[in-house]
Structures are given as C-alpha cells and as structure tokens.
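Novice: coords please:
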Amino acid sequence: MDERRPGRRDQRGSSLLEVAVAMFILAIVFPALALFFSTVLVANRDSVQILEDNGAAAPRRADARSFVRFQLDYANTAAFQPGATTTTVPSSFYRACSATLVAESESIVDANFPVSGDVTLDIVSIRSRDSLASPGGVADAGTSVWVANSTGSKVWRIDPASNQVVATVAVGLAPAGVLSAVSSIWVANSGSDTVSRINPANNAVTATVAVGDGPNQLAWDGTYVWVTNSAADTVSRINPTGNVVTSYPVGDNPSGIAAVGGGVFVANTGSDSLTKLTQAGAVAATVTGLRDPVGVAVGGGSVWVSNSDPVDGNNVTRVNPANAQVVTTVGLPGALRAPQGVAAEGTSVWVATYKTDVVARIDQATNAVTGQVGVGVDPVSVAAGSGRVWVSNTSAASVTRLDGAGNVVATIDVANGPCAQASDDTGVQSWKVRINSGDFTEEFEFLKVDR
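Specialist: Below is the predicted model:
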C-alpha cells in the first residue's frame, strides 16, 4: 500500500523524476543520438550522403568506422516489407514490439561502429514512456500485480512471470491505494473522491464509486471493501454487491487501513492514533501515543503500524487486535528514516523507509530488525504474498521485486509502459535497437520525444 501522507513529498518526487529524465537525455541521447524528420541519411566520416526516397544506393567504406543515421517514420501505417526501398511500418508493429529493418530504408539513431558488409537494424522494443511516472500503491493479485501512478490517472499492470508492465488502465485523478478483492482490482482516486473497480479479465473499469474526500488506502474484510478518506476524516465501507457506500467518522487524516477479526484498524496520521472499527462501523477502541502513523498491516496475529515522524517516530508499533493494546514498539536502525508502507507475510514484516531507500525486515518471532534491502529512491508502498515482496519506489519510477528472503529479483521500470501504439498519448517513447554489421552487434536504448 502507498501510505504517504497526502501531498507530503509529491512535488519533490515529480521534480526528481523530471531531472532524472532530463539528465538521461543530456548525458546519453543528445551526444550520441539525433532524430531527424526527413529522408534517410547514411554517411561516413569523410562525406555526408543522403539516400533519396527512390532507393538509390548510398556509398559506404567497409574499411572505416562509419557514422550511420537512421530514422523511422512511425506514423506511417502502410505494409511492412523489410528490404523494400521505401519500407514503412504498420500499427501492428508497435503492438508486436519486434521487427527487423534495413538501415537504408528507415532511420532512428546516430551510432558509430565498424562497418563490415550490410548494416541492419533490429528494433528490440518501442515502449511508451511516462515522464511523470510516480508509483504509489501496489497490490499483488497472484497472476498480476497492480501499481498506482500517484501523479497521473492510471494504474500499471505487471506480469509477475515476465516482470514487465503489460497494460495500463485509466482511472480517476491521483490514484493512491490499490486492492485485490472480489475478483476485482480496486483503486482509490484521491484527486477525484472515487474508487475505481477494474475487471482484471479485460482490464476494464466496471464501476466508479463515489466515496469521501481524498480517498487513500483500501482493505477487504471478507464482506466489504473499506477505504480511508484522508481529507474527510472518515472511512467508507463499500458493499461490492451493488457498490453501496456507507461512511463512518474516525480520527484526523486517516491513511493506512487493514482488516482483522471482523473489523478494521485505521491509522489516523493527524491525531497520532489507531482506530478499531467493528464491521458495522462502530468505534471499538482507540490506540493513542503513536507518531504520524501511516502504514497498517496484519500478520502473526498482530496489527503492525509504521510511525513516520522522523524525530519521535522511525519505528513500528505492534498491537494486539483482540484488546487493542500495544504489545511492543520495534525501533528501526538509526540510519533508517520515515517508515511508510508495511506488509506482512509468513514470519516477516516488511517496512518501506521513505527517506533512506531501504526496506527493512522485522522478524515476527523476535520483534527485531533482521535485514535491510536497498531498493529504489523513495520507497512508499509494499505488498507481500506467495513468497514475494513488491516495493514501489516513487521517485525512481520503479518497482522492486524481492523474494521471501529479501533478495532483489527484479527492478521494473514502470515508466516504460506497454508497446507503444502508432498514436502514442505520452509524447515520449523508449526505444531499444540493435545494430548489426558483419560480426559486430551493439544495442542502444534512448528516449524519443515528440517535438
């Protein structure tokens, strides 16, 4: 779950990502690559020759390191025929994300390499690139993993078999928490005061449910879907049959929520407390003395709450759900700061520390921190299940996958979306190409930005 207090560091996260993209373009793309919207150009160091549209051969020296410039007219949807003098690419190519082009026919990139015989260009992939990607809430649905783009209006779907983004689904504004329940994916849209319900069978939004102001995190108690409304100081209970909503008051600025024992526990960040509600919405108990609590998880017969205050917090409180009494408080090592999302599975509790780019592992049997795993920049949300852990890194535009022992299995760049379409809505694409000449092969990856 993405447990950030609303608006806490979103601006910093977005600016960091924009700087990172700009640095990438300046450091890699600009000096090595140039995009031209004209005819195909093939040249060596000594002369510049333009290959005209009539397919006239371009001179090339086999004994020299040549400079070759490629360009692809990706808007053309005519038939794709490798080797043709005026080769073009259909829209189906973008969905397939795989093809081979002849260098003289299409162009995309500048590259220096030794020429030995014919030069061919393999396009490994063309993917949409979201320059404002900021992953937030994450949910593991078994055969799919879902991640909210907290600065956009969509969620990413990741295939755990390939560790790749395979789809994006448009939802409401500023999606925060994500939940898998009732054969659906539920997304809290904090900017539009709604919850989107998605059918994972076809990635279609089947319902948009109006809730309170600033919906944040979600939980499932076996009968109802619950969502915290951070700006309204309430929680909403959704009956998935008919999507009927009832709301109940809690503490100030509720954020994290988890279900246990026929009720829910709600972290009230603004009032430093944890509220226990019955399934009927009545307040059964209140735990006080917390410090900016945000993340809530259930595991090992306990409720685990992260206290994000960087001075008086930096710890995790363990609560007995039966009597709502504090069992212990687990301090994080001195270098770790601002714990956010929490998830529990098996004998472990996983805690994302927002300011230190680390996920800490707590052993439920000893209440001790037994591991620290470096992940991406500004981790905010954690989901755990089936021996795997998913961490969303909001300022790195990535999701880190860990195994149950805390080893990094994969880092998924969610800003690189599914295969781009001929008319891409982001204006930015990530290209990976392979250039071949004789025995020489080299891959390049770069950004293409519409001008």
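
Novice: Spit out the contact partners of Gly301.
Specialist: Gly301 is in contact with Pro321, counting by Cβ atoms under 8 Å, 6 or more residues apart in numbering. Where you see a C-beta, it was placed from the backbone N, CA and C, and this is true even at glycine.

Novice: mind listing the helices for this structure?
Specialist: Using DSSP state H, the helices of the chain run over 10-24, 30-32, 91-96.

Novice: Give me the mean pLDDT for the shortest one.
Specialist: Read it as helix 30-32. Throughout helix 30-32, pLDDT has a mean value of 31.

Novice: so where is this protein shaky, pLDDT-wise?
Specialist: The model of the chain has pLDDT under 70 over residues 1-129, 131, 417-451.

Novice: Let's see that with 50 instead.
Specialist: Along the chain, segments meeting pLDDT under 50 span 1-2, 4-117, 421-425, 450-451.

Novice: got the domain boundaries for it?
Specialist: Domain assignment of the chain by automatic domain parsing yields the ranges 33-128+419-449, 132-414.

Novice: And Asn253, its phi and psi?
Specialist: The phi/psi pair for Asn253 (degrees, to the nearest 10) reads phi 50, psi 60.

Novice: was I right about it contacting Ser271?
Specialist: Yes - counting by Cβ atoms under 8 Å, Asn253 touches Ser271, with 7.4 Å between them.

Novice: Between these two, tell me which one has more neighbours.
Specialist: Taking neighbours as other Cβ atoms under 10 Å, Asn253 and Ser271 compare with Asn253 leading, 22 against 18.

Novice: distance of that one from Thr269?
Specialist: 5 Å (Cβ to Cβ, to the nearest Å).

Novice: Over to Ala365?
Specialist: In terms of Cβ to Cβ, Ala365 sits 29 Å off from Thr269.

Novice: More neighbours: which of the two?
Specialist: When Ala365 and Thr269 are compared for neighbours, Thr269 comes out ahead with 28 against 10, by other Cβ under 10 Å.

Novice: so who does the more buried one touch?
Specialist: If you count contacts by Cβ under 8 Å, 6+ apart, then Thr269 has 5, 230, 252-255, 292-294, 308 around it.

Novice: With Val209 instead?
Specialist: Contact partners of Val209, counting by Cβ under 8 Å, 6+ apart, are 194-197, 238, 243, 245.

Novice: Redo these as CSV? Include distance to Asp140 and neighbour count.
Specialist: Output for those, formatted as CSV (distance: Cβ to Cβ, whole Å; neighbours: other Cβ atoms under 10 Å):
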residue, distance to Asp140, neighbour count
Thr194, 23, 21
Val195, 19, 27
Ser196, 18, 25
Arg197, 18, 23
Ile238, 21, 25
Asn243, 23, 15
Val245, 26, 17
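
Novice: Among those, which one lies nearest to Gly261?
Specialist: Ile238 (19.5 Å; Cβ to Cβ).

Novice: Quickly list what the closest one is bridged to.
Specialist: Val225, Val245 (DSSP bridges).

Novice: I'd like the distance between it and Val260.
Specialist: 18 Å.

Novice: likewise Trp156?
Specialist: Separation of Trp156 from Val260 (Cβ to Cβ) stands at 29 Å.

Novice: Look at these two and report which has more neighbours.
Specialist: Neighbours were counted for Trp156 and for Val260 using other Cβ under 10 Å; Trp156 has more, 27 against 20.

Novice: so how far is Thr168 from that one?
Specialist: 6 Å.

Novice: same check, this time on Ala174
Specialist: Between Ala174 and Thr168 the computed distance is 15 Å (Cβ to Cβ).
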